[in-house]
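1. Output the structure for:
(one chain, ligands or ions: 1)
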Amino acid sequence: MLQLGVNIDHVATIRQARGGKEPDPIKAALIAEMAGCDSIVCHLREDRRHIQERDVRLLKELVETKLNLEMAATDAMVKFALNLRPNQVTLVPERREELTTEGGLDVNAQKEKITSIVSLLQEERICVSLFIEPDISQIKAAVKTNAQMIEIHTGPFVNSAVPEEELERIADAVSFARKQGLKIAAGHGLTYRNTAQIVAIPGIEELNIGHSIISHAVFVGLDEAVREMLEIVRG
Ligand code: PXP
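-> Numbers count the residues shown, from 1 in each chain. The predicted structure follows:
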């Protein structure tokens, strides 16, 4: 069954707007789990703009499903992850000036560095996923790093004027990656309107969704927002 990871970064974004304690992303994680999601995703960014180290430590203690930590491929973050031991690490590119993650990792351009990070994390039984574009050469590079998993960037599909073409690119990439033995997730920019089209692609095992669920939660509550997305994800 296709799994749903709920990204709670945006709860922390609202909290950071006032620098206080509310709303607490930990509470959001627990509500999302009670509503039936399969994992909790958070991104500890270098600039600490939303999620803080304290949040990730508490999530590690309290999350009962699976904690998927998104992070940049840096020495400091690898040290943090080895210490914390989340269930999964998703390596993402990171630029300080971006509003959100833009584009997938260029695994081809940093194969040695990523291979060594994958090995360090996987030795500690942390599953490593690489966030990449639906691009065959990036998938081939991902296989060479020995990562167990990839997450296909769905942003180009979400923003395309011709989404059918992007869907085809994703479907081809998923089919190729499956043949290489990779586990496959997808995410970025998915909403209550466009997620069903990604669900229809066979071979994807996990969707990671944040902004749309947290936005909807403002109006219907987080429990209901997660349940509505689960209905789409699980068909
Ligand atoms: N997957 C990855 C790798 C991401 O970086 C993000 C954004 O943090 C998401 C999924 C979720 O994207 P969105 O918030 O647009 O649903």
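
2. from here on, contacts and neighbour counts on C-alpha atoms
-> Noted.

3. Leaving out the residues flanking it, which one is nearest to residue 45?
-> Once flanking residues are discounted, residue 45 sits nearest to residue 71: 6.5 Å by CA to CA, 6 or more residues apart in numbering.

4. buried residues in whichever strand or helix holds residue 56?
-> Using DSSP states H and E, residue 56 falls within helix 53-62. By neighbour count on 16 or more other CA atoms under 10 Å, the buried set for helix 53-62 is 55-56, 59-60.

5. mind putting the residues you listed in a markdown table, distance to residue 45 included?
-> Below are those laid out as a markdown table (distance: CA to CA, whole Å):
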| residue | distance to residue 45 |
| --- | --- |
| 55 | 12 |
| 56 | 11 |
| 59 | 16 |
| 60 | 17 |
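
6. which one among the residues you listed gets closest to residue 104?
-> residue 56 (22.9 Å; CA to CA).

7. And for residue 47, the neighbour number?
-> Residue 47 has 12 neighbours, counted by other CA atoms under 10 Å.

8. Also residue 22?
-> Burial of residue 22 is recorded as 14 neighbouring residues (other CA under 10 Å).

9. And it, how far from residue 16?
-> 9 Å (CA to CA, to the nearest Å).

10. cool, and residue 204?
-> 33 Å.

11. who's more crowded, the two?
-> Counting neighbours by other CA under 10 Å for residue 204 and for residue 16 shows that residue 204 has the greater number, 24 against 18.

12. dump the residue contacts of that one.
-> 2, 174, 183-186 (CA atoms under 8 Å, 6 or more residues apart in numbering).

13. I'd like the residues you listed written out as CSV, with secondary structure and pLDDT added.
-> Shown next, in CSV, are the contacts of residue 204 (DSSP: H, G, I helix; E, B strand; the rest coil; pLDDT from 0 to 100):
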residue, secondary structure, pLDDT
2, coil, 97
174, helix, 98
183, strand, 98
184, strand, 98
185, strand, 98
186, strand, 98
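
14. Spell out which parts of this structure neighbour the ligand.
-> 92, 101, 131, 187-190, 208-212 (CA under 6 Å from any ligand atom).

15. Which of the residues you listed ranks first by neighbour count?
-> That'd be residue 131 among those, by other CA under 10 Å, with 28 neighbours.
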